[in-house]
Each structure stands twice: as C-alpha cells, then as structure tokens.
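# Sequence and predicted structure, then a few things I'm wondering about:
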Amino acid sequence: MKRLTKASQSLKRIHSLIGLPSRLESLIEDGSYKEAAEAYNCAKPRLIKYRHISAVSGIDEECTKHINGLKLKVKNSNQLSFD
C-alpha cells in the first residue's frame, strides 16, 4: 500500500510538471510575473530531480526558455521606467 501511495504521489508530481510550460506562458502573458516565478521555483527541485528522464528534460528546457523571457521582460521594463 505504501508503494502504491508513493507511486501515485510521484505521478502527480510528474503530471504537474507536464503542464508547467503552458502555465508559465499563460501567467507571463497575463502579467502575473510573480506567480510565474513562484510556480517555477516550486517546481525547480522536481525538474532537477527528474531531469534524467528525456521528457522532463524537454519540459525543463521549455520552462527555462519562458523564465529567461520573463527575466528579459522585467529587465527591459525596469530600463524603460528609468529612461
């Protein structure tokens, strides 16, 4: 029973990772930058832990792309406000 529960929890964690790239994209498009950063930071340990799985590696790359885009947006908006 413990193994089944543990397996179920692992599947839930991995399933949440599958939807993360689209969630990040949506949050960033809506301007919810803080929520996007929090979602990514929360999932980051699992992305690192399961990076050896090729599908998760792809998810990690996609999430990194979205977060790098977010960093650039924030940087550019800060520069514009001081110009």
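Cool, got the structure.

# Next, the buried residues of the helix or strand hosting Cys63.
Assessed by DSSP states H and E, Cys63 sits inside helix 54-82. The neighbour-count check on helix 54-82 (16 or more other C-beta atoms under 10 Å) flags 56, 59-60, 63, 66-67, 70 as buried. (Each C-beta comes from the backbone N, C-alpha and C, glycine too.)

# I'd like those as CSV, with pLDDT appended.
Below are the buried residues of helix 54-82 laid out as CSV (pLDDT from 0 to 100):
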residue, pLDDT
Val56, 89
Ile59, 95
Asp60, 95
Cys63, 97
His66, 97
Ile67, 97
Leu70, 96
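
# Could you work out the most separated pair of those?
Using C-beta to C-beta, these span at most 20.5 Å, a distance reached by Val56 and Leu70.

# what's the nearest residue to the residue nearest the centre of the chain if we skip its chain neighbours?
With distances taken as C-alpha atoms, centre = their mean, the chain has Tyr40 as the residue nearest its mean C-alpha position (3.5 Å). Nearest non-adjacent residue to Tyr40, counting by C-beta to C-beta, 6 or more residues apart in numbering: Ile67, 5.4 Å away.

# Ok, Leu24 next?
His66 (4.2 Å).

# The one you found contacts Glu25, correct?
Yes - here His66 lies in contact with Glu25, judged by C-beta atoms under 8 Å, at a distance of 5.7 Å.

# Pick the one among the buried residues of helix 54-82 closest to Gln9.
Val56 (15.9 Å).

# For that closest one, give me its contacts.
14, 17, 47, 50 (C-beta atoms under 8 Å, 6 or more residues apart in numbering).

# rerun that using 6 Å as the cut-off
Residues in contact with Val56 (C-beta atoms under 6 Å, 6 or more residues apart in numbering) are Tyr50.

# Can you tell me how far it is from Ala43?
10 Å (C-beta to C-beta, to the nearest Å).

# Ok, Thr5 next?
Taking C-beta to C-beta, one finds Thr5 at 21 Å from Ala43.

# ok, now Gln79?
In terms of C-beta to C-beta, Gln79 sits 29 Å off from Ala43.

# swap in Asp30?
18 Å.
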